[in-house]
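In: Sequence and predicted model, in that order:
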Amino acid sequence: MKIASVDTLLLQHKLSRPTGPASVLNEWRRNLLVKITTDTGLVGWGETAPLAGVRDSIDTLYAPALVGRDPRSIGNSWRTRWLAPFENRLAIGAIDIALHDLVGQALGVPVHQLYGGARRQRVPVYASGGGYFHGVHPADVWPAETQGYVARGFRAIKLKIGRYDPKEELAALAVVKAGLPADVKLMVDAWGSYTLSTALMVGRELEKLGITFYEEPLPQFGYRGYPELTAQLDLAVAGGEMLQHRQAFKELLDRRAVDIIQPDASLCGGIRELLFIAELAELYGVQCIPHSWSGAILNAASIQIVSLLPEPTLMPGVGTPMVEFDVTENPFASGLLRAPLPLVDGCFEVSNAPGLGLDLDLDAIRALEVPRNR
């Protein structure tokens, strides 16, 4: 078996109305898929964010290094070690996910079996929503939105905060929390919106509300101020989704900057790299809850990854790692699957089908694809 081709497909979708986190409202969503095809007809799929240079790196650098190789035995030999500091980790992440999908199919086993088998057959999932809309105050929409997630079966929810006056948003969060069942977790993502003093004030109020974790309240560049904030809060501080190298994750852990680390397989170099980062975090007593804000392929990879992560303590079921699931307007998630992922008791079932277990709707992919000549 040899790799016959490596193709990239750029997908895009115009949102029905601009939405986004605290500091930006997006009109479009875009996603980059990688399709690796073998001479036997097997196909592996990966995905990543289509930032500048990612697609070109895959097409001109990594694809030529992969074509003609056996996907079952190449490991990372197609990567040039002395160029590692200059690697495009987003490109590497998409390819690594696709190779795992392909190798699992070739061997007839799910991806988790490549690492000794899943520790759990169901993984808890949280609804990642709460995007802002122009002229709409969150107090007017959060209660109904979160009740809708509960009605769909989610037992954990994350909302975005940071766009409006903190006191107003904290009051709105108090209403949301009071309206949720006691066993439903509520998390918040401030998307780098606050100064240290404001982040500390908000964090102390979030502690009183019983929020499960407080994601990236300070600017993410360099993660400055995070050690001071984390040391002064009993509330778990989460971060790290934008980091791309294991060295950067180690630095974050060395500084005790977060209580929960959030690597993204499509951004940090793939499945194998995320599992390494998770094991590194375990040595520091820091929980790993992967970031997953893209589409169906990354969701499938994240489910396989979370099935492999250890319990954070010796007490089973306390703080079991969760899968993030984007519940905003996103046709790249369930829209690319022939059947949506079933949510059972707030969990996704871990697929035991070969590879990532994807059942992609190729017509839906074609409908969203941007022609290369555009």
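Out: Okay, I see it.
In: For residue 173, see how far away residue 218 is.
Out: Residue 218 sits 19 Å away from residue 173, going by Cβ to Cβ, to the nearest Å. Quick note: C-beta positions are derived from backbone N, CA and C, even for glycine.
In: Please enumerate the helices of the protein.
Out: 54-57, 63-66, 89-107, 142-152, 166-179, 196-209, 226-232, 246-254, 265-268, 271-283, 296-308, 362-368 (DSSP state H).
In: Please name the residues that touch the residue nearest the centre of the chain.
Out: Nearest to the geometric centre of the chain sits residue 292, at 1.3 Å (Cα atoms, centre = their mean). The contact partners of residue 292, by Cβ atoms under 8 Å, 6 or more residues apart in numbering, come to 264-265, 298-299, 302, 323-326.
In: Now do the phi/psi pair for it.
Out: phi -150, psi 100 (degrees, to the nearest 10).
In: Tell me how many other residues surround the nearest residue to residue 226 once chain neighbours are set aside.
Out: Spatial nearest neighbour of residue 226, chain neighbours left out: residue 257 (3.8 Å); criterion: Cβ to Cβ, 6 or more residues apart in numbering. Residues near residue 257, counting by other Cβ atoms under 10 Å, number 24.
In: ok, now the one 5 residues further on?
Out: Neighbouring residues of residue 262 were enumerated by other Cβ under 10 Å; the total is 25.
In: Go ahead and confirm it touches residue 289.
Out: Yes - contact criterion Cβ atoms under 8 Å: residue 262 and residue 289 qualify, at 5.9 Å.
In: Quick check: neighbours shared by the two?
Out: residue 238.
In: quick check: domain ranges of the protein?
Out: The chain resolves into domains spanning 3-109+360-368, 114-349 when parsed by automatic domain parsing.
In: Highest mean neighbour count out of the ones you listed?
Out: domain 114-349 (a mean of 19; mean count of other Cβ atoms under 10 Å).
In: Just to check, residue 180 is in contact with residue 145?
Out: No - counting by Cβ under 8 Å, residue 180 does not reach residue 145; the two are 11.4 Å apart.
In: any residues in contact with both of those two?
Out: Between them, residue 180 and residue 145 share no contacting residue under Cβ under 8 Å, 6+ apart.
In: circling back to that earlier point, to residue 345, which of the helices of the chain lies closest?
Out: Nearest of the helices of the chain to residue 345, taken as Cβ to Cβ: helix 142-152 at 12.3 Å.
In: report the angle between the axes of that closest one and helix 166-179?
Out: Interaxial angle of helix 142-152 relative to helix 166-179 (axes from the mean of the first three to the mean of the last three Cα atoms, to 10 degrees): 30 degrees.
In: Extract the C-alpha trace of helix 142-152 and format it as PDB.
Out: Taking C-alpha atoms only, helix 142-152 is exported to PDB below (Å, rounded to 0.1, in the frame of the first residue of the first chain):
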ATOM      1  CA  TRP A 142     -28.500  32.900  27.500                       C
ATOM      2  CA  PRO A 143     -31.400  31.500  29.600                       C
ATOM      3  CA  ALA A 144     -33.300  30.100  26.600                       C
ATOM      4  CA  GLU A 145     -30.100  29.000  24.800                       C
ATOM      5  CA  THR A 146     -28.800  27.000  27.800                       C
ATOM      6  CA  GLN A 147     -32.300  25.500  28.400                       C
ATOM      7  CA  GLY A 148     -32.300  24.400  24.800                       C
ATOM      8  CA  TYR A 149     -28.900  22.600  25.300                       C
ATOM      9  CA  VAL A 150     -30.300  20.800  28.300                       C
ATOM     10  CA  ALA A 151     -33.300  19.800  26.400                       C
ATOM     11  CA  ARG A 152     -31.000  18.300  23.700                       C
END
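In: other SSEs contacting it?
Out: strand 156-160, helix 166-179 (3 or more Cβ pairs under 8 Å, 6 or more residues apart in numbering; DSSP states H and E).
In: elements contacting the shortest one?
Out: Packed against strand 156-160, as judged by 3+ Cβ pairs under 8 Å, 6+ apart, are the following elements: strand 122-128, helix 142-152, strand 185-189.
In: Against which helices or strands is the longest strand along the chain packed?
Out: For the chain, the longest strand by residue count, based on DSSP state E, is strand 3-20. Secondary-structure packing of strand 3-20 (3+ Cβ pairs under 8 Å, 6+ apart): strand 26-38, helix 63-66, strand 132-133, helix 362-368.
In: got the contact list for the second one?
Out: Here helix 63-66 makes contact (Cβ under 8 Å, 6+ apart) with 3, 5-6, 36, 74, 78-79, 95.
In: Chain neighbours aside, what residue packs nearest to residue 234?
Out: With sequence-adjacent residues excluded and distances taken as Cβ to Cβ, 6+ apart, residue 234 is closest to residue 207, at 5.7 Å.
In: quick one on the thing from earlier: please convert the contacts of helix 63-66 to TSV, extending it with pLDDT and distance to residue 109.
Out: What follows is the contacts of helix 63-66, written out as TSV (pLDDT from 0 to 100; distance: Cβ to Cβ, whole Å):
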residue	pLDDT	distance to residue 109
3	97	19
5	98	24
6	97	23
36	98	18
74	76	18
78	71	22
79	74	24
95	96	20
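In: Out of those, the closest to residue 245 would be?
Out: Here the nearest of the contacts of helix 63-66 to residue 245, counting by Cβ to Cβ, is residue 79; it sits at 13.5 Å.
In: Understood, closing this out.
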